[in-house]
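Student: 3D model of this:
(chains A and B)
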2 protein chains.
Amino acid sequence: MADAERKLNNGKSRIDFQTEPSKYRHWKLKIDGEVATLLMDVDEKGTLFEGYELKLNSYDLGVDIELADAIERLRFEHPQVKVILLRSGKPRVFCAGANIRMLAGASHAHKVNFCKFTNETRNGIEDASEASGLPTICVINGTAAGGGYELALAADHIMLVDDGSTAVSLPELPLLAVLPGTGGLTRVTDKRKVRRDHADVFCTTEEGIKGKRAVDWRLVDEVVPGSKFEEAVAKRAQEFAAKSKRPAGQGIMLKPLKRERSAGAVEYGAVSVEFARAERLATITVRGPEAPAPKSADEMVAQGAEFWPLKVARELDDAILDIRANEFDTAAIVFKSSGDPKQVIAYDAFLDANKDFWLAREIRNLWKRVLKRVDLTSRSLVALVEPGSCFAGTLAELAFATDRSYMLIGQRDGDNKPPATIALGQVNFGAYPMSNGLSRLASRFLADPSDLDKAKAEIGKALDADAAARLGLVTFALDDIDWEDEIRVFLEERASFSPDGLTGLEANLRFGGPETMESKIFARLTAWQNWIFQRPNAVGEEGALRRYGSGQKPAFDTRRV
Amino acid sequence: MADAERKLNNGKSRIDFQTEPSKYRHWKLKIDGEVATLLMDVDEKGTLFEGYELKLNSYDLGVDIELADAIERLRFEHPQVKVILLRSGKPRVFCAGANIRMLAGASHAHKVNFCKFTNETRNGIEDASEASGLPTICVINGTAAGGGYELALAADHIMLVDDGSTAVSLPELPLLAVLPGTGGLTRVTDKRKVRRDHADVFCTTEEGIKGKRAVDWRLVDEVVPGSKFEEAVAKRAQEFAAKSKRPAGQGIMLKPLKRERSAGAVEYGAVSVEFARAERLATITVRGPEAPAPKSADEMVAQGAEFWPLKVARELDDAILDIRANEFDTAAIVFKSSGDPKQVIAYDAFLDANKDFWLAREIRNLWKRVLKRVDLTSRSLVALVEPGSCFAGTLAELAFATDRSYMLIGQRDGDNKPPATIALGQVNFGAYPMSNGLSRLASRFLADPSDLDKAKAEIGKALDADAAARLGLVTFALDDIDWEDEIRVFLEERASFSPDGLTGLEANLRFGGPETMESKIFARLTAWQNWIFQRPNAVGEEGALRRYGSGQKPAFDTRRV
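Tutor: Next up is the predicted model:
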């Protein structure tokens, strides 16, 4: 098994998810009025880890971090952009997919987290279209293989050059004995609704499908002869832009996060992370706003990236990604908060009042994505609702995202912090759907929708521990005498369980009820891919992933399971 | 890894799925008027494999084969039964779940197939209630742990004795580092709709939950003091029986299948299986009816298990189960048919005309379950629609269940068999839903429901290869010149791919569109469990499954993935 850790490039010790266009090595972001072009031009040498080269526009996590960053910036910094053209800066190749040597040498944990992040990035591309009216046209003017075609699948419209050779393909199974792991199979069946037998042929045909058949089988939206390609692309871009309702206004700058890292902590502006590595714990504390909500949308724009809800969302996102990718030994993430719940509710009310203003909408959408990222984080999640905390409105969603929550009854001996309360807002009833399409409270109260109505009737009230427990908003309400022991025993026990068992348990219990294409990607597809990523036929010494490019054929255990 | 095969008990070389009550070693089926009691009383020594004992009503596949058989017989042989009491014949224990030593010593392939079959059996218990008005009451008068509680979850109503000690539990994660693999997590969240944080507590609490909390948390439907328990059970049985609409009529005997096995083949009455083991192929040929459909329901009852649709369904089911459990090296199953398509349609018409008669309904429901079993079979599935075949109506579903199908255009040179046709019936548009809730044709035509309407307009017609291909009913229509080479190359290629990769690919491509509780069990839950069944934390030398009962604690790799 290839579970030895590769070294990060350039002597780095952590994967960093923060970047900005001036630092991009793999993408060029060009903006021309309403049309943005995202040009993939991967720097072969600019790898995240040592030991491979990113030939033919293949990618590793580093490439995808830049792509995710570019999409975020288009949403916040360039609200006037109405369509994205996603295309290659290299001749004869669109994108060759995830780099195979990177995969072959990566630890199982890195492979799984790499796929999770790239899936989230592709969902983000779709969310930009659905939620912000920013569609993507994928322009394929050369080979789109594997992850390359999966990237295309995230677009609203796929254009393929008709040059007799350019094809789209998902050759993972025949070439590498793994699945297309970035949503490809699910998007083929559920988004593009390719007939299942055509999908079977497509996914087992190494060389892929081109020309008219690619359109007939719904794999692409149109094929265009090379001589008319650019003209057609420009026309489509105009058409899509004309349909978009994005505003023409000025954007805000997503300034670099304030972030100070020490051995045992990360300090952001409104978020702190503390690592208790001996206990395998990470505690994330979110601080409520220090100033009242702005008076106007203009004031919010003026605050820009410092506007409290935006700042917290970005910091929280970075904190979660950092733990996922760099702190594999963390068993549980403990969420705490501190501040004035009324202020949190006031910011929610401000965003509600301005919900048709583009920046307010983008911030709500960012929170939606960050909270989904929390839901999908493979760590036990727990909220401790203590005196002085502010789990209200948007921040209460963090408590509802956890596997369980504990709330302290009353005050602590000798502590003058106000007793813990939870406050609900309208925002808890639909603004932040999980990947299964339901709000966290609707997912919580699947058994009896009247519980949801009871909670709704309490909107705006400061609910003490007894009230919150009675409404089912927290798992346990404990008094000061029991608190410390109960929490300690729980966290110790959690850290004693099998990490894999917990991953599987939580992936099932967190997502009761309906499934959507998005949740199917993270459940059905990802779970099968994770399984395959453990199987000797893929990752063993004689497996396809290890033998790829060696000239030797893989040797398979022929037993079907 | 524990992938060395255990030896079957008593010198057997194959797992046999056929049994009958006189041969049961683990269950007692008692029928008292409208109430059947299924008493679990596992014979410790009656194991399927060597090397373990089935203590405390723990089970292996052999125990579950008897349970599945008993449920089938209640449906066909005892139509007057209106409620099943599922209970233990042992004191102080209901069922301790899947036998841990059996699991610890089983090959990965056996573990996965064991879970699949037990899941299908529990779905069958639910189907008996939903589709045939035969509900189950689970009577828990002693420990129901792990698979024991999962068995209870399949019931319509769970009664728990309130004796201060009897609890229900899912201790798999804390004890064994695996998941409850028989639908437990999904039924907890999606059927019983237990709140997700309560589910988290429940599934991480080794000793389980008892008494009032078990009711409050929706884990059981009622707790009853020991002194009033039997009285309450009898009352509930009466209540459920009173609501059932099952007829009072006489049943038919599910006589032993005619089955002759040779080295390379299995010959049933209307089904043949041929193994080409060098090519890793199994070919299943279904023969159409030899006699016209009966004239009346009475005549069908008189034919009993010999009635062609029932005979084929039972034989096909056995053939599929035999391949799954005993022929791991089979890469692909090829479905063929021979006979008169008009006769097949005539039998379908007969069942349509008698669809309110209990036996016709049970036969349709059996076909539904058998076809679901085909969908979930981890082998590549292909239909060859050749001259002389009868893929019509119900048998056409077999072609629609495959990953791809080939149809020969016209006749073969020097062969006087009639050209292949496909004929659709009303039965293809809803009688046999897949586990995702859609008919196979609706799943096939997700992209454009008008394709479904076009197919519907052709009901009853003999569609030749061109027409079938035009309607999208087959993948490829080939003429005689190309046929042999194309099929050979395809099957060779299929056998050359990674078996695991194909399993994952097919598990994704076969189930486009919506998910149901049932499909979630086989996708989300099962896929995660399969992953965990590969992880050293569960199955490694120091893993929890191997170290259970040894006195040694498991040693875990603490990295979360």
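Student: show me the beta-bridge partners of residue A:32.
Tutor: Residues in a beta bridge with residue A:32, per DSSP bridges, are residue A:35.
Student: tell me how far it lies from residue A:418.
Tutor: Per C-beta to C-beta, to the nearest Å, residue A:32 is found 54 Å from residue A:418. All C-beta atoms are positioned from the backbone trio N, CA, C, and that covers glycine.
Student: hmm, what's the outermost residue in chain A?
Tutor: residue A:414 (42.0 Å; C-alpha atoms, centre = their mean).
Student: list phi and psi for that residue.
Tutor: The phi/psi pair for residue A:414 (degrees, to the nearest 10) reads phi 70, psi 20.
Student: and the closest residue to chain B within the stretch 301-450 of chain A, helix, strand or coil?
Tutor: Per C-beta to the nearest C-beta, residue A:447 is where the stretch 301-450 of chain A lies closest to chain B, at 3.6 Å. At residue A:447, secondary structure determined by DSSP: H, G, I helix; E, B strand; the rest coil is coil.
Student: so it touches residue B:193, yeah?
Tutor: Yes. In this structure, residue A:447 is within contact of residue B:193 by C-beta atoms under 8 Å, at 3.6 Å.
Student: what's the overlap in contacts for these two?
Tutor: residue B:218 (C-beta atoms under 8 Å, 6 or more residues apart in numbering or on different chains).
Student: tell me where the stretch 301-450 of chain A has strands.
Tutor: For the stretch 301-450 of chain A, the strands defined by DSSP state E, counting those that start in this stretch occupy A:332-338, A:380-385, A:391-392, A:404-408, A:422-423.
Student: show me where chain A dips below the pLDDT cut-off.
Tutor: Low-confidence segments of chain A, defined by pLDDT under 70: A:1-5.
Student: cutoff 90 now
Tutor: A:1-6, A:10, A:181, A:247-250, A:413, A:549, A:560-561 (pLDDT under 90).
Student: quick one: residues contacting the residue nearest to the spatial centre of it.
Tutor: Closest to where the C-alpha atoms of chain A average out (C-alpha atoms, centre = their mean) is residue A:120, at 3.3 Å. Counting by C-beta under 8 Å, 6+ apart, residue A:120 touches A:68, A:369, A:372-373, A:376.
Student: scan the residues you listed and report the most crowded one.
Tutor: residue A:376 (24 neighbours; other C-beta atoms under 10 Å in any protein chain shown).
Student: residues in contact with that residue?
Tutor: Going by C-beta under 8 Å, 6+ apart, the list of residues near residue A:376 reads A:116, A:120, A:435, A:522.
Student: now the strands: where do they sit in the stretch 101-250 of chain A?
Tutor: A:136-140, A:143-145, A:157-162, A:167-169, A:209-210, A:222-225.
Student: now do the first one against strand A:157-162: the angle between them, please.
Tutor: Using axes from the mean of the first three to the mean of the last three C-alpha atoms, to 10 degrees, the inter-axis angle of strand A:136-140 relative to strand A:157-162 is 10 degrees.
Student: other residues contacting strand A:136-140?
Tutor: Here strand A:136-140 makes contact (C-beta under 8 Å, 6+ apart) with A:83-88, A:94, A:125, A:128-129, A:151-152, A:154-161, A:166, A:168, A:220, A:233, A:236-237, A:240.
Student: from the contacts of residue A:120, which single one is nearest residue A:359?
Tutor: When the contacts of residue A:120 are compared for distance to residue A:359 (C-beta to C-beta), residue A:369 wins out at 15.6 Å.
Student: residues in contact with that closest one?
Tutor: Residue A:369 neighbours (C-beta under 8 Å, 6+ apart): A:120, A:123-124, A:127, A:317.
Student: and if you look at residue A:280?
Tutor: Residues in contact with residue A:280 (C-beta under 8 Å, 6+ apart) are A:329-332, A:495, B:558.
Student: okay, and which of those map to helices?
Tutor: Per DSSP state H, helices hold the following members of those: residue A:495.
Student: and the stretch 201-350 of chain A, which of its residues are near chain B?
Tutor: When proximity is defined by C-beta under 8 Å from any C-beta of the partner chain, the stretch 201-350 of chain A lies next to chain B at A:201, A:203-204, A:218, A:280, A:328-331.
Student: how far off centre is the helix ranked longest in chain A?
Tutor: The longest helix of chain A (DSSP H) is helix A:108-132. Here helix A:108-132 is found 5 Å from its chain centre; the criterion is C-alpha atoms, centre = their mean, to the nearest Å.
Student: give me the angle between it and strand A:136-140.
Tutor: Taking the same axes, to 10 degrees, one finds helix A:108-132 and strand A:136-140 inclined to each other by 120 degrees.
Student: how many neighbours does residue A:151 have?
Tutor: What residue A:151 shows, counting by other C-beta under 10 Å, is a neighbour count of 29.
Student: surely it meets residue A:86?
Tutor: Yes. Residue A:151 is in contact with residue A:86 according to C-beta under 8 Å; the separation is 7.2 Å.
Student: which ones are touching the spatially closest residue to residue A:409 that is not a sequence neighbour?
Tutor: Nearest non-adjacent residue to residue A:409, counting by C-beta to C-beta, 6 or more residues apart in numbering or on different chains: residue A:465, 4.2 Å away. By C-beta under 8 Å, 6+ apart, residue A:465 lies in contact with A:385, A:407-410, A:419-420, A:474, A:477.
Student: buried subset of these?
Tutor: A:385, A:407-409, A:419-420, A:474, A:477 (16 or more other C-beta atoms under 10 Å in any protein chain shown).
Student: in those residues, find the pair that's most separated.
Tutor: Of all pairs drawn from the buried ones among the contacts of residue A:465, the greatest distance, 13.4 Å, lies between A:419 and A:474 (C-beta to C-beta).
Student: if I look at residue A:57, how far off is residue A:64?
Tutor: The value you get for residue A:57 to residue A:64, if C-beta to C-beta is used, is 12 Å.
Student: do you know how far residue A:379 is from residue A:332?
Tutor: Here residue A:379 is placed at a distance of 6 Å from residue A:332 (C-beta to C-beta).
Student: which residues do these two both contact?
Tutor: Counting by C-beta under 8 Å, 6+ apart, the residues touching both residue A:379 and residue A:332 are residue A:282.
Student: and these two? which has more neighbours close in?
Tutor: Higher neighbour count among residue A:379 and residue A:332: residue A:379, with 25 against 21, using other C-beta under 10 Å.
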